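Engineer: fold the stuff below for me.
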Amino acid sequence: MKKKLKRPILRVLLRVVQPLVYGVIGVIGTLLVVGIFALNNKPDLELWHTADLDEEFTAASRIESFAEYLALEERLFAQLNREVYDRIEPDETQMISRYHRGSLSDPERWSPNWNRSYELVPPPANGGTKAGVLLLHGLTDSPYSLRNLGRSLHEQGAHVVGLRVPGHGTVPSALTRTTWQDMAGAVTLAVRHLLKETGDRPLYVIGYSNGGALAVHYALSTMENSELPSVEGIVLISPEIGVSRMAGLAIWQERIGRLLGLKKLAWESVRSEYDPFKYVSFPVNAGNLAHQLTHVNREKITGLAAATELGSFPPVLAFQSALDSTVLAPALVRALFAYLPDNGHELVAFDVNRTNGITPLLNHDPKSDVGLVLDEPDRAFVFSLLTNASSGEERMVERRWGIRQTVPVDAETPFTWPKNVYSLSHVSLPIPPDDPLYGGANAGESPGVQIGNAALRGEKGAITIPAQDMLRLRWNPFYPYLEERIMEALGLDQDPE
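Structural biologist: The predicted model follows:
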C-alpha cells in the first residue's frame, strides 16, 4: 500500500520540479546568450587587433643576450611595418591614429621612437658609471612612460636600460599571446646585461605598474636562484601587487569566444588607438597574465615569509596614489609590505586634495586606507604621506611615520595642488607636468598629439578620445618630489664628480 502511495507522490513532485528545473536552465541559457551578445557587441576589429607578429621574444626563444634581444626587436619592428603600416590604404588614414603614417599619433614623429628598448651609458668624462638601473614599464604601455626618469638617472651617473617588455610597443594583438613568463625572461636578460656592463656597481630595478610586479618577481627569484644577479634595491611606482579577481575569471570569456568563433570576446575593450605609446584597446589575456603574475608573487612571498627568509629581500621604495582605479592600493600593504622585515623599506602615498570640497563627493575616502597602514601592529617600514598641511590648506607637507611609530613628523614641501585637480591617478605618477605628450598646461611642445591637457568642452560623443580618458590626470604635479626621493634611494643625489 505504501509503495502505491509513493509512486503518485513522486510523479507529482516530478511534475512540479521538472518545470522549475527547465525554467532555471532556460533563464541561465538566456542570460548566457544575452551576455555573450553584449560582450561581442564591440566595434569591428582592425588590422592591429588581428595582426600576428611572430618576431617577438618569448620564454622559449633561443635568445641568450640583450644584444640578441635587440636584434630580434629590430626584426619585429620591420615585421610591424610590413604587416600593419604598409597595409594601411592612403584613403584610410586618420589624423589621430598611431597606425597611420604621418598622423599626429604616429610614433615616428618622436625621436627616438620610444616604443623600443633603449640604453643610456654615462660618459667617462662625467665620472663614469655609478649604478646600473633597469626601467620596466606597465601593461599596454611602452618605455616612454619612464623616459624622463631614465634621462635624469643617466645625468646623475646611472647606466640605464629602458626595456620594451614583450608584447608592447607594436600592436594590441601582441598581448593576446604574451605570457608573464615571456616578460620575466626578458627582465632576466636585461639584468644580466647590466651586470656585465657595470661590473661591481650596484644594480637597481624600477618598475611601474605591471613593471612593478615584474620587479618584485625578479627580486623574489634571486632569493630562490643564487645564479641570478642580485639587486641593491627596487623602486615601485603604482605597482601591480593586487588586481581584481575578475581579471582571472575573464579568461573564460576568451575561451567561450574561441569555441564559438567570436573573436571580439578576446577583448575587454576595442577602441581607437590615439596614443602613440600606449595601447588603448585591452585584450582579456592582458588582465589574465596580470592576475597570474600577482598570484605567483603572492605565493612566493607567503612561502618565503613562512620560512622566515624575507629578511634579505632588497630595500623597497614604493609610490602609490591614494586613489587608483587600475590596481588595488590596500593590496600593496597586505600582500607585500606587511610581510617584509625591517630592511629600509618605505611606502609613499599621495593623498587626495583636501582643499576643494571634493572629498564629500568621493565614492571612497582613502583615509581608511591610510588607517590600514598605520594600524599594522608590527609595521617594519616607513610610511610617508604627501598631503595638505591641514584640512582646507593648500600647502602640502610630507607627513612621515617611522617604523612602528604612531606620531608623524612633518616636513615642508614647495608644492600645492593645481586648480581643479582632486587626486593623482595610476598613470600620472611617473610623468612630469612639462611632458610634451602627457603633461599639463605648461607642457613642452609636442611633435604630434598632446593628450595630457585635453579637457575639452562640448557635446558628448563627438571627440575621438573618450571623455573619461580626457578627465583622467596623466601627469604628476609632485613629480620633482618623486624623482628626488628615487635619486636619494639609489645614492645618485650627489652631483657627478
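
Engineer: where's residue 97 relative to residue 409, distance?
Structural biologist: Separation of residue 97 from residue 409 (CB to CB, to the nearest Å) stands at 51 Å. From N, CA and C alone the C-beta is placed, and that goes for glycine too.

Engineer: ok, the closest residue to residue 195 other than its chain neighbours to residue 216 distance?
Structural biologist: Nearest residue to residue 195, sequence neighbours excluded (CB to CB, 6 or more residues apart in numbering): residue 229, at 4.3 Å. To residue 216, residue 229 is 16 Å away according to CB to CB.

Engineer: who's more crowded, the two?
Structural biologist: residue 216 (29 against 15; other CB atoms under 10 Å).

Engineer: confirm that one sits in a helix?
Structural biologist: Yes - read with DSSP: H, G, I helix; E, B strand; the rest coil, residue 216 is one of the residues of a helix.

Engineer: is it in contact with residue 297, as I believe?
Structural biologist: Yes - between residue 216 and residue 297 there is a contact under CB atoms under 8 Å: 5.3 Å.

Engineer: overlap of the contact sets of these two?
Structural biologist: residue 241 (CB atoms under 8 Å, 6 or more residues apart in numbering).

Engineer: more crowded one of residue 97 and residue 409?
Structural biologist: residue 97 (22 against 12).

Engineer: next, the nearest residue to that one once chain neighbours are set aside: phi, psi?
Structural biologist: Using CB to CB, 6+ apart and skipping the chain neighbours, the partner closest in space to residue 97 is residue 103 (5.2 Å). Backbone geometry at residue 103, expressed as degrees, to the nearest 10, gives phi -70, psi 170.

Engineer: tell me the contacts of the spatially most central residue of the chain?
Structural biologist: Centroid-nearest residue in the chain: residue 209, 2.7 Å away (criterion: CA atoms, centre = their mean). Residues near residue 209 by CB under 8 Å, 6+ apart: 137, 138, 139, 141, 237, 238, 239, 240, 326, 327, 426.

Engineer: now with 6 Å, please.
Structural biologist: Taking CB atoms under 6 Å, 6 or more residues apart in numbering, we find residue 209 in contact with 138, 238, 240.

Engineer: what distance do you get for it to residue 388?
Structural biologist: Residue 209 is 26 Å from residue 388, by CB to CB.

Engineer: who's in contact with residue 151?
Structural biologist: By CB under 6 Å, 6+ apart, the contact list for residue 151 is empty.

Engineer: quick one: secondary structure of it?
Structural biologist: Residue 151 - assigned by three-state DSSP - is helix.

Engineer: pLDDT weak spots in the stretch 101-250 of the chain?
Structural biologist: By pLDDT under 70, the low-scoring segments of the stretch 101-250 of the chain are 126, 243-250.

Engineer: strands of that one, start to end?
Structural biologist: 118-120, 131-136, 158-163, 203-208, 233-237 (DSSP state E, counting those that start in this stretch).

Engineer: those strands: which one's closest to residue 304?
Structural biologist: Minimum separation from residue 304 across the strands of the stretch 101-250 of the chain (CB to CB) falls at strand 233-237, 15.2 Å.

Engineer: what is the closest one packed up against?
Structural biologist: Here strand 233-237 touches strand 203-208, helix 210-224, strand 316-321, going by 3 or more CB pairs under 6 Å, 6 or more residues apart in numbering; DSSP states H and E.

Engineer: one more time with 10 Å, if that's ok
Structural biologist: The contact analysis (3 or more CB pairs under 10 Å, 6 or more residues apart in numbering; DSSP states H and E) places strand 233-237 against strand 131-136, strand 203-208, helix 210-224, strand 316-321, strand 346-350, helix 479-489.

Engineer: which stretch among those comes nearest residue 145?
Structural biologist: Closest to residue 145 of these is strand 203-208 (CB to CB; 5.9 Å).

Engineer: that closest one: partners in the sheet, and parallel or antiparallel?
Structural biologist: Note on strand 203-208: by DSSP bridges, its sheet partners are strand 131-136 (parallel), strand 233-237 (parallel).

Engineer: circling back to that earlier point, just send the contacts of residue 209 back as CSV, with neighbour count and distance to residue 320 too.
Structural biologist: Listed next are these as CSV, based on neighbours: other CB atoms under 10 Å; distance: CB to CB, whole Å:
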residue, neighbour count, distance to residue 320
138, 29, 14
238, 28, 6
240, 28, 11
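
Engineer: export these to JSON lines and tack on distance to residue 130?
Structural biologist: What follows is the contacts of residue 209, written out as JSON lines (distance: CB to CB, whole Å):
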{"residue": "138", "distance to residue 130": "26"}
{"residue": "238", "distance to residue 130": "26"}
{"residue": "240", "distance to residue 130": "29"}
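
Engineer: mind listing the strands for the stretch 251-400 of the chain?
Structural biologist: Going by DSSP E, counting those that start in this stretch, the stretch 251-400 of the chain shows strands at 267-269, 282-283, 316-321, 346-350, 382-388, 395-401.

Engineer: tell me what angle the third one forms with strand 346-350.
Structural biologist: Put plainly, it is strand 316-321. 10 degrees (axes from the mean of the first three to the mean of the last three CA atoms, to 10 degrees).

Engineer: which one, of the helices and strands packed on strand 233-237, ends up nearest to residue 120?
Structural biologist: Closest approach to residue 120 among the helices and strands packed on strand 233-237 (CB to CB): strand 131-136, 9.2 Å.

Engineer: out of the helices and strands packed on strand 233-237, nearest to residue 148?
Structural biologist: Across the helices and strands packed on strand 233-237, residue 148 has its closest neighbour in helix 479-489 (7.8 Å, CB to CB).

Engineer: off-centre distance for that closest one?
Structural biologist: Centre-to-centre, helix 479-489 and its host chain are 19 Å apart (CA atoms, centre = their mean, to the nearest Å).

Engineer: send the alpha carbons of it over as PDB?
Structural biologist: What follows is helix 479-489 as a C-alpha-only set of coordinates in PDB (Å, rounded to 0.1, in the frame of the first residue of the first chain):
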ATOM      1  CA  TYR A 479      56.900  64.700  -9.900                       C
ATOM      2  CA  PRO A 480      60.100  66.500  -8.700                       C
ATOM      3  CA  TYR A 481      59.400  65.000  -5.200                       C
ATOM      4  CA  LEU A 482      59.200  61.500  -6.600                       C
ATOM      5  CA  GLU A 483      62.400  61.900  -8.700                       C
ATOM      6  CA  GLU A 484      64.300  63.400  -5.800                       C
ATOM      7  CA  ARG A 485      63.300  60.500  -3.500                       C
ATOM      8  CA  ILE A 486      64.400  58.000  -6.100                       C
ATOM      9  CA  MET A 487      67.800  59.600  -6.500                       C
ATOM     10  CA  GLU A 488      68.300  59.500  -2.800                       C
ATOM     11  CA  ALA A 489      67.300  55.800  -2.600                       C
END
